[in-house]
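Participant: Sharing a model prediction with you, sequence too.
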Amino acid sequence: MAGTHSDITDKIVPLKRIGEEAAAARSEGRTVVLCHGTFDLLHAGHMRHFQSARDLGDMLIVTVTSDHHVMKGPGRPVFPDVLRAEMVASQGYVDWVGIVDERSAVSAIEAIKPDYYVKGADYRNPEDDISKKINIEREKVEEFGGSIHFTDEITFSASSILNRHFNLVDDSFRDIVEQYRDKGSLNYFMPLIEKVQDLKVLVLGETIIDEYVYVETLGKAAKESIIATQYRDREVFCGGVVAAANHVSSFCGQVDLLTTVGKDDPYSTVLKEKLDRKVGVDTIELTDVPTVRKQRYVDRSYLRKMFEVYYMDDTPLHGAVEEELLQKLDQKLEEVDLVVVTDFGHGMITPRVIRMLERRARFLAINAQTNSGNRGFNLSTKYRRADYLCIDEPEFRLACHEKHMPIEELMATRAHTLLDCHRIVITHGRQGCYVLSTSDPDKLKRIPALTGKVVDTIGAGDAFFAITSLFAAVGADDSDLGILGNVAGAMKVNIVGHRAYIERIKFLKYLETILK
């Protein structure tokens, strides 16, 4: 019997307490068994799995992955970790339940030191585990004298059940997913993923510091028409080109970054702190110019941005500094397969830089962004040629000087007139994206967005652009490009600022889950 609600919740305790209970059991000669997983939708396969695990010993402990570390697609987890823990604890043969705030079970294994660590049969072949966590967990179990055991019970995929019977994605996206299931699901994409690994990539653009100042709103000032706030905390991130480089760093064998920072600017040190160690960086130091910083004041209760302050000098590079950039760029263009240009219009990407890129880049991917700092002056039409252009709908409309024409008609009739570019993608927020090969404008593709919660939209377009640039360079078709870009965007909107980046393993796991 499951018992009362109090009986159930009494089983859910911190990991430290579970470790103490396990140690006491082992000292009495009892055998301790551990299971770990997400358990988002408890089903018959889980029940049989737990029963088989319990048969191995005297104490069964189950740990659950916390919400923050569940990367299983839009709307996941369906149930928060507290409820998932309660569902597991309601099973009479489960003795203790804990919530683990990390991606793997390593901390649980370290605390509990189980005699048996039990996984389902689908983990028996380590090569089938995209995350490769099973190998790390096996080593940790054996380090403490335990062993890993795989149950042979009937298995079901909770992700497959949720995908097919819960409205986690838009109906039109579900129809597209069905087509990819027929093609082989994740296996269909793996050749593209493997091609990307061989790319040598140069990411070019300004370093931008994104600073979040968290405040609480106090109310309207008594004698002024302003809103008063109280400072609570702050976070400093690297956005712009640094975010783009970090997004692609785990996908490719070689990623280099060429960027500008303010000389002796204290914020320029953030670049080294936040840049992935796999990325090679070459900086142009600008005298008497700050590193571009965008300071946003954020209501911390709901992460609503109130206003922002720019710290920058967007005078275009010239003279010796521009020559230094051109010289370094000239050398790097000899070595790379793909150039990813994050052009924020803050002075680094000059006409001379553009002309060199157009002449020399083997594959040129550009994102010319219109933002509050350049007020519509930074249009994609400043380029004459590119292999891949990725901008959002307002940026596309500005470049076309057209406000009202339906986006599908505008892309079909005007996209090919902007610049000589084989592939153009227009991101459209919650509407998904449009993909067009300009050689065949009659085959415009719309790929719906993945639905789900949105934590912070900052940098979602940059993540979409950075990741899709890789796949465009290796020949992904239009539909594939849209799907992969929407996955990157969906992952990024669940990250505050640039606290984390799109990692290859998480990306593959996310993609695998939505295709089940």
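Facilitator: Noted; the coordinates are in hand.
Participant: Sketch out the strands for the stretch 201-350 of the chain, chain order is fine.
Facilitator: Remark: strands assigned in the stretch 201-350 of the chain by DSSP state E, counting those that start in this stretch are 207-220, 227-239, 254-262, 279-286, 292-299, 304-311, 338-343.
Participant: Relative to residue 477, which of these is closest?
Facilitator: Each of the strands of the stretch 201-350 of the chain has some distance to residue 477 by Cβ to Cβ; the shortest is strand 338-343, at 17.7 Å. (C-beta placed from N, C-alpha, C; glycine too.)
Participant: following the closest one, which helix or strand comes up?
Facilitator: helix 351-360 (DSSP states H and E).
Participant: What residues of that following helix count as buried?
Facilitator: 352-354, 356-358 (16 or more other Cβ atoms under 10 Å).
Participant: for the stretch 1-150 of the chain, what spans make up the strands?
Facilitator: 32-37, 59-65, 96-100, 116-119, 147-150.
Participant: of all these, which lies closest to residue 366?
Facilitator: So among the strands of the stretch 1-150 of the chain, strand 59-65 is nearest, using Cβ to Cβ, at 38.6 Å.
Participant: partners of the closest one in the sheet?
Facilitator: Take DSSP bridges as the rule and strand 59-65 pairs in its sheet with strand 32-37 (parallel), strand 96-100 (parallel).
Participant: Single out the most deeply packed of these.
Facilitator: Counting by mean count of other Cβ atoms under 10 Å, strand 32-37 has the highest mean neighbour count of these, with a mean of 26.
Participant: what mean pLDDT would you report for it?
Facilitator: Mean pLDDT, computed over strand 32-37, is 94.
Participant: ok, now stretch 443-462?
Facilitator: 83.
Participant: before we move on, what about stretch 179-194?
Facilitator: The pLDDT scores in stretch 179-194 average 90.
Participant: picking that back up, wait, which of the strands of the stretch 1-150 of the chain is closest to residue 206?
Facilitator: Across the strands of the stretch 1-150 of the chain, residue 206 has its closest neighbour in strand 59-65 (37.4 Å, Cβ to Cβ).
Participant: Counting neighbours, which bits of the closest one end up buried?
Facilitator: For strand 59-65, the neighbour count (16+ other Cβ under 10 Å) marks 59-65 as buried.
Participant: ok, the closest residue to residue 209 other than its chain neighbours - contacts?
Facilitator: Spatial nearest neighbour of residue 209, excluding adjacent residues (Cβ to Cβ, 6 or more residues apart in numbering): residue 293 at 4.2 Å. Residues in contact with residue 293 (Cβ atoms under 8 Å, 6 or more residues apart in numbering) are 208-211, 267, 310-312.
Participant: what's the closest of the strands paired with strand 59-65 to residue 119?
Facilitator: Nearest of the strands paired with strand 59-65 (Cβ to Cβ): strand 32-37, 7.7 Å.
Participant: and for the closest one, what are the contacting residues?
Facilitator: Strand 32-37 has contacts (Cβ under 8 Å, 6+ apart) with 22, 25-26, 49-50, 53-54, 56-65, 100, 105, 108-109, 112-119, 137.
Participant: Just the buried subset of the residues you listed, please.
Facilitator: 22, 25-26, 49-50, 53-54, 56-57, 59-65, 100, 105, 108-109, 112-119, 137.
Participant: sorry, back to before: switch the strands of the stretch 201-350 of the chain over to a markdown table; also include mean pLDDT and distance to residue 432.
Facilitator: Output for the strands of the stretch 201-350 of the chain, formatted as a markdown table (pLDDT from 0 to 100; distance: least, Cβ to Cβ, whole Å):
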| stretch | mean pLDDT | distance to residue 432 |
| --- | --- | --- |
| strand 207-220 | 93 | 25 |
| strand 227-239 | 93 | 23 |
| strand 254-262 | 96 | 28 |
| strand 279-286 | 95 | 30 |
| strand 292-299 | 95 | 26 |
| strand 304-311 | 93 | 24 |
| strand 338-343 | 98 | 22 |
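Participant: Can you say which of those is nearest to residue 18?
Facilitator: Per Cβ to Cβ, nearest to residue 18 of the strands of the stretch 201-350 of the chain: strand 227-239, 31.8 Å.
Participant: helices or strands up against the closest one?
Facilitator: Applying 3 or more Cβ pairs under 8 Å, 6 or more residues apart in numbering; DSSP states H and E, one finds that strand 227-239 contacts strand 207-220, helix 269-274, strand 292-299.
Participant: what do you get if the cut-off is 7 Å, keeping everything else the same?
Facilitator: Identification of packing neighbours for strand 227-239 by 3 or more Cβ pairs under 7 Å, 6 or more residues apart in numbering; DSSP states H and E yields strand 207-220, helix 269-274.
Participant: deepest of the ones you listed, which one?
Facilitator: Across the helices and strands packed on strand 227-239, averaging neighbours per residue (mean count of other Cβ under 10 Å) puts strand 207-220 on top, at a mean of 19.
Participant: Can you pull out the residues in contact with it?
Facilitator: Here strand 207-220 makes contact (Cβ atoms under 7 Å, 6 or more residues apart in numbering) with 227-242, 259-261, 267, 270-271, 291-300, 344, 458, 497-498.
Participant: SS state for the one residue sitting closest to the centre of the chain?
Facilitator: The chain has residue 502 as the residue nearest its centroid, 3.3 Å off, counting by Cα atoms, centre = their mean. Using DSSP: H, G, I helix; E, B strand; the rest coil, the structure places residue 502 in coil.
Participant: what sits against it?
Facilitator: Per Cβ under 7 Å, 6+ apart, neighbours of residue 502: 247, 463, 467, 488, 491-492.
Participant: thinking again about what came up before, need the strands of the stretch 1-150 of the chain in JSON lines with distance to residue 326, can you?
Facilitator: Supplementary listing: the strands of the stretch 1-150 of the chain in JSON lines, determined by distance: least, Cβ to Cβ, whole Å:
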{"stretch": "strand 32-37", "distance to residue 326": "54"}
{"stretch": "strand 59-65", "distance to residue 326": "49"}
{"stretch": "strand 96-100", "distance to residue 326": "51"}
{"stretch": "strand 116-119", "distance to residue 326": "55"}
{"stretch": "strand 147-150", "distance to residue 326": "56"}
